[in-house]
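> Sequence and predicted structure below; questions after.
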Amino acid sequence: MENLRDKVAVITGGGSGIGLAIARAFAAQGGRVVLADIDDAALAQAAATLTASGAEVLTVHTDVSVLAEVEALAVAAGERFGHVDLVVNNAGVIAWNSVSRLTIEDWRWVVGVNLWGVIHGVHVFLPIFEAQGTPAHFVNVSSVGGVLAETPFMATYGATKSAVVGLSLALDSELRLGGSPIGVSILCPSNTASTYVIDAERNRPADAPVVARAHGVDQLVAAVRDVVDHGQPVGVLAARVLDAVKANRLWVFPHPDSQPMIQARLDLLGSVVAEAGAQTIDGNAAPSS
């Protein structure tokens, strides 16, 4: 999908942050945009900004954790623009706390948005892409935290973002095996300025009340906020995402600082596997495979 002019992108969590930045970049290349979010005020402001720049925009209030609302999103996009070429499953939240203090309601909320939101996006739009028979693309937003998931107090985020990686890898493999014109990109951002997942609890549902945070959580949130505030400009990330879509690139690590972190993990795993291979079983050398 090298030329984005007149293409249609559906972007969840599109009212702010990464979603809005991708919408801006997509519209700047002549694309048309469908923004989905649960924050109506953010949607209205985003639409006004994009429209003022000459973009064609549709906004749809959408809770991605609810299948019927994602289905309604697809219907609205089809009725307005006639087709969809790109789906960015971007909506994401986090419940900050220790595993011991997380409630089942915390887990249901975060899993509902971060994982079921992506599942619903793929489930609803994949048949649409297949019926169209033209090049199309999914961008499923994970995180460096979905690959390096050991950060304390972020279990809800790491677990769900890791699951997004697994879903996306399997989907990509199946599409490639079938010779499909549908591509998949797994977006793994690191520290990105002007993003708001840190403040996701502003949209916490009433049936997932806040519980007392464990010692150290507030300090971590403050430290993360400071790093993010000085992070990579979100517009740079958006440009790299669209480059990946055009190139049909599976893995998208848009931040240079991700490389040493990922390499360190790969080196550690390599050494663990090598050590396991050198161990003995009942006094005999482990068989080689």
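Perfect, thanks for sending it. Numbering: from 1, shown residues only.

> mind listing the helices for the stretch 151-289 of the chain?
155-177, 217-229, 234-247, 258-278 (DSSP state H, counting those that start in this stretch).

> Could you export those as a markdown table, including distance to Ile94 and mean neighbour count?
C-beta: built from backbone N, CA, C; applies to glycine. Putting these into a markdown table (distance: least, Cβ to Cβ, whole Å; neighbours: other Cβ atoms under 10 Å) gives the following:
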| stretch | distance to Ile94 | mean neighbour count |
| --- | --- | --- |
| helix 155-177 | 4 | 19 |
| helix 217-229 | 10 | 14 |
| helix 234-247 | 18 | 20 |
| helix 258-278 | 19 | 11 |
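
> Tabulate these in TSV, adding columns for distance to Ala21 and mean pLDDT.
Shown next, in TSV, are those (distance: least, Cβ to Cβ, whole Å; pLDDT from 0 to 100):
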stretch	distance to Ala21	mean pLDDT
helix 155-177	19	97
helix 217-229	14	89
helix 234-247	4	96
helix 258-278	18	89
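
> Can you lay out those as JSON lines showing distance to Ile11?
JSON lines is the format used below for these (distance: least, Cβ to Cβ, whole Å):
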{"stretch": "helix 155-177", "distance to Ile11": "16"}
{"stretch": "helix 217-229", "distance to Ile11": "20"}
{"stretch": "helix 234-247", "distance to Ile11": "11"}
{"stretch": "helix 258-278", "distance to Ile11": "23"}
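
> between those, which gets nearest to Ser185?
With Cβ to Cβ, the closest approach to Ser185 among the helices of the stretch 151-289 of the chain belongs to helix 234-247: 4.9 Å.

> ok, back up a step: closest to Asp6 out of the helices of the stretch 151-289 of the chain?
helix 234-247 (14.8 Å).

> Okay then, goodbye and thanks.
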